[in-house]
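S.K.: Quick one, fold the following:
(chains A and B)
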Amino acid sequence: MNIDDLFALAKSRGLFWQSAEIYGGLAGIYDYGHLGTLLKRRFENTWLSFFVESSDNYYLIEGSTILPEKPLISSGHAERFNDVIISCTKCHAYYRADVLLADAKVEVSEGATPDEIDKAVQEHGTKCPKCKGQLSKSKAFNMMMDLYLGPEKTDKSYLRPETAQSAYLNFFREFNIRRRALPMGIALIGKAYRNEISPRQGLYRMRELTQAELQIFFDPATWKVDTNYIDNPTVNVVTYKKGTMEKKKISELVSDGTVPEFYGYHMALIHTFYTKVLQVPEEKFRFFEKGGEDKAFYNKIHMDLEVNIESWGGFKEVGGLHYRGDYDLTSHTKGSNQDLSVSIDGKRIMPNVLELSFGVDRNVWMLIDVFYKKDGERSLLSLPAIMAPYQAAVFSLQKDPEIEKATAKLRVMLKSRFKIFADESGSIGKKYARMDEVGTPYCITVDFDSVNKESKDYGTVTVRSRDDRSQVRMPVEKVLPFMEEKFAFNPMNFVKA
RNA sequence: GCGAUUGUAGUCUAGUCUGGUAGGACGCAAGCUUGCCAAGUUUGCAACCCGGGUUCAAAUCCCGGCAAUCGCACCA
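M.R.: Numbering: from 1, shown residues only, chains lettered A, B, ... in the order given. Down below sits the predicted model:
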């Protein structure tokens, strides 16, 4: 499936589309429709259950999307998110000024201002490397969206560029409330904002995005994890050292020193989430270790979580596992004058952070890409049941007052426990086809025998499975238990280490 | 931000070069039909991205904007 096909599906079935589309839209900003919202919620709830609620020490919080300027200066975003850009007056190519000057072997101090850059360009007569044209004046470009609050619009603030900062800013209070114990996890699911220069590829590069992040604060000297690494899965991994994809046991990655134990454990956890909970085929999921220039400066170990997504042309980042050391709490300690170090067993330490970060929108797109199949006439979205927007549909085989009465009754019975689709237009085959396309795992159909007292099948209905189109007949009163069983799957069961 | 391509009912698309009644498919609605997998049939609904210009006349030509895809660049 290519991007255009996926978008056509998304628009026609109620998944997502551009915000304010009747006005022509806004680049990189999207709305979710009724079906997309259901799907997104399923992903978020499953993520929450698996990574957060499975632990007694991890909690979800909700942080504001607007942050004052100071913490973002401390975190480095105000400076590092801030590139100085310079363009060519002739061919209009533009460059990051520091990269351009480094290539031209011109030395400038790190974090040089536009004025300093312009001076250096003038002194060295630096030209456009492509066309040798004159370079323009440089200017600062910040990826963060800024806001000015108050009656005079003087209070500078930003829309948060990542949810992570909300976790760090709330560490101190949460730690004190929660019995001062480590490890402690703070999770957020929420919006983040980045002023991307050029939003691309549907939900891949967005200006307003949803992140699901878990920040685990821990003491590296004492954190104990399950060294069976949750059945020690074999994972696809591109290590920085090797540079190509290979299959490795988690235990190997730990014993050969690629990652520490706690990191390996979380690789296993994430692998389980993608391959067992979301049921992404193993060959489509991998870890990709970033190093050197590509690694964010604060990270000690940085792996992207990648899924092979056809519409995005191959393996693409859907999340990250980042060992951030004590960078975050140390910089906020400096910036706020609030000592965020903690005392554990009489020892004073600055907690380290392991960040599990997921792009929710990218994962929603990924699920559609991975599970949508077109087989001749048939369109099938074979989502795992736990991700299905509608869990079942209840249909009447045909227009008939008796049947419709029974259908309505069955719907009421199921509605309080499950998300039930109810729309009777079209033939039964068409109804099934529609449900296949939006990933509804079960269609329950009331037919003439169901309501005919003379029939041996009186009081029964048929339940059709989405993937193999098979049908089983069962008494109406068995339908609820059947559904309870089919949706009993609890993602957190994988995690009890 | 630069370059290329593109923008037509809810969705996909013909028509644009060469200006002159916007056509099809799917969809949706109502009816007939239909006893389990997108059937048939009748009737109906629904569109030229936005703004300006040229012209007797613009979906079509020109200018500006917005948006999308791809490439470059960018993505602490």
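S.K.: Give me the phi and psi angles of A:Arg473.
M.R.: In terms of degrees, to the nearest 10, the main-chain angles of A:Arg473 are phi -100, psi 130.
S.K.: go on, A:Val364?
M.R.: The phi/psi pair for A:Val364 (degrees, to the nearest 10) reads phi -60, psi -50.
S.K.: Contacts only, for it.
M.R.: Counting by CB atoms under 8 Å, 6 or more residues apart in numbering, A:Val364 touches A:15-16, A:36, A:39-40, A:43, A:203. Just so you know, the C-beta spots here come from the backbone N, C-alpha and C atoms, and that holds for glycine as well.
S.K.: now A:Phe141
M.R.: A:Phe141 neighbours (CB under 8 Å, 6+ apart): A:82-85, A:197.
S.K.: try 6 Å this time
M.R.: The contact partners of A:Phe141, taken as CB atoms under 6 Å, 6 or more residues apart in numbering, are A:83, A:85.
S.K.: Give me the below-cutoff pLDDT ranges for chain A.
M.R.: For chain A, residues meeting the criterion pLDDT under 70 lie at A:80-82, A:91-92, A:109-111, A:496-497.
S.K.: for whatever residue of the stretch 201-350 of chain A ends up closest to RNA strand B, helix, strand, or coil?
M.R.: Closest approach between the stretch 201-350 of chain A and RNA strand B, counting by CB to the nearest atom of the strand: A:Ala296, at 3.3 Å. Secondary structure, DSSP: H, G, I helix; E, B strand; the rest coil: A:Ala296 is coil.
S.K.: What are the structural domain limits within chain A?
M.R.: With automatic domain parsing as the criterion, the domains of chain A are listed as A:3-68+A:159-371, A:86-138, A:390-491.
S.K.: ok, and which of those has the densest surroundings?
M.R.: Highest mean neighbour count among the domains of chain A (mean count of other CB atoms under 10 Å): domain A:3-68+A:159-371, with a mean of 18.
S.K.: hang on, the earlier thing: any idea whether the closest residue in space to the residue of the stretch 201-350 of chain A closest to RNA strand B that isn't next to it in sequence is helix, strand or coil?
M.R.: Nearest residue to A:Ala296, sequence neighbours excluded (CB to CB, 6 or more residues apart in numbering): A:His302, at 6.0 Å. Classification of A:His302 using three-state DSSP returns strand.
S.K.: Quick check: bridge partners of A:His302?
M.R.: Following DSSP bridges, A:His302 is listed with bridge partners A:Lys290, A:His322.
S.K.: Quickly note the distance from it to A:Lys119.
M.R.: Distance of A:His302 to A:Lys119, given as CB to CB, to the nearest Å: 35 Å.
S.K.: Check which helix or strand the closest residue to A:Arg207 other than its chain neighbours maps to.
M.R.: Excluding its sequence neighbours, the residue lying closest to A:Arg207 (CB to CB, 6+ apart) is A:Gly28, at 3.6 Å. Assigned by DSSP states H and E, A:Gly28 belongs to no helix or strand.
S.K.: if I pick A:Gly28, what's in contact with it?
M.R.: Contacts of A:Gly28 by CB under 6 Å, 6+ apart are A:196, A:199, A:206-207.
S.K.: from those residues, which two are the most distant?
M.R.: Between all members of the contacts of A:Gly28, the longest pairwise span (CB to CB) is found for A:Glu196 and A:Met206 and amounts to 7.3 Å.
S.K.: how many other residues sit next to the nearest residue to A:Tyr158 once chain neighbours are set aside?
M.R.: Of all residues not flanking A:Tyr158 in the chain, A:Met144 sits nearest, at 4.7 Å (CB to CB, 6+ apart). By the criterion of other CB atoms under 10 Å, A:Met144 has 22 neighbours.
S.K.: What distance do you get for the residue of the stretch 201-350 of chain A closest to RNA strand B to A:Ser12?
M.R.: Separation of A:Ala296 from A:Ser12 (CB to CB): 39 Å.
S.K.: and what of A:Val99?
M.R.: A:Val99 is 43 Å from A:Ser12, where distance means CB to CB.
S.K.: cool, A:Asp423 as well?
M.R.: Taking CB to CB as the measure, A:Asp423 falls 15 Å from A:Ser12.
S.K.: so A:Tyr32 touches A:Gln18, yeah?
M.R.: No - at 11.4 Å, A:Tyr32 does not count as touching A:Gln18 under the criterion of CB atoms under 6 Å.
S.K.: Give me the phi and psi for A:Phe285.
M.R.: Main-chain dihedrals, A:Phe285, degrees, to the nearest 10: phi -120, psi 140.
S.K.: returning to that earlier point: now the residue of the stretch 201-350 of chain A closest to RNA strand B: how far from A:Glu261?
M.R.: 22 Å.
S.K.: Spell out which strands sit alongside the strand or helix carrying A:Ser357 in the sheet and which way each one runs.
M.R.: Using DSSP H and E, A:Ser357 sits within strand A:352-359. Paired neighbours of strand A:352-359 in the sheet (DSSP bridges): strand A:208-218 (antiparallel), strand A:314-325 (antiparallel).
S.K.: Could you give the separation of the longest one from the chain centroid?
M.R.: Translated: strand A:314-325. 10 Å (CA atoms, centre = their mean, to the nearest Å).
S.K.: Then stretch A:331-344?
M.R.: Taking mean C-alpha positions (CA atoms, centre = their mean), stretch A:331-344 and its chain are 29 Å apart.
S.K.: Show the end-to-end separation of that stretch, please.
M.R.: Stretch A:331-344 stretches 20 Å from its first residue to its last (CA to CA, to the nearest Å).
S.K.: What of stretch A:382-402?
M.R.: Start-to-end span of stretch A:382-402 (CA to CA) is 33 Å.
S.K.: Not counting it itself, show me its contacts.
M.R.: Stretch A:382-402 has contacts (CB under 6 Å, 6+ apart) with A:35, A:38-39, A:42, A:46, A:279, A:371, A:403-404, A:407, A:410-411, A:418-421, A:424, A:428, A:431, A:435, A:439-447, A:451, A:467, A:489.
S.K.: So that stretch, near RNA strand B or not?
M.R.: Yes - judged by CB under 7 Å from any atom of the strand, stretch A:382-402 and RNA strand B are in contact via A:397-399.
S.K.: Does the closest residue to RNA strand B within the stretch 101-250 of chain A belong to a helix, a strand or coil?
M.R.: Distance from RNA strand B to each residue of the stretch 101-250 of chain A (CB to the nearest atom of the strand) is smallest for A:Ser198, at 3.6 Å. Classification of A:Ser198 by three-state DSSP places it in coil.
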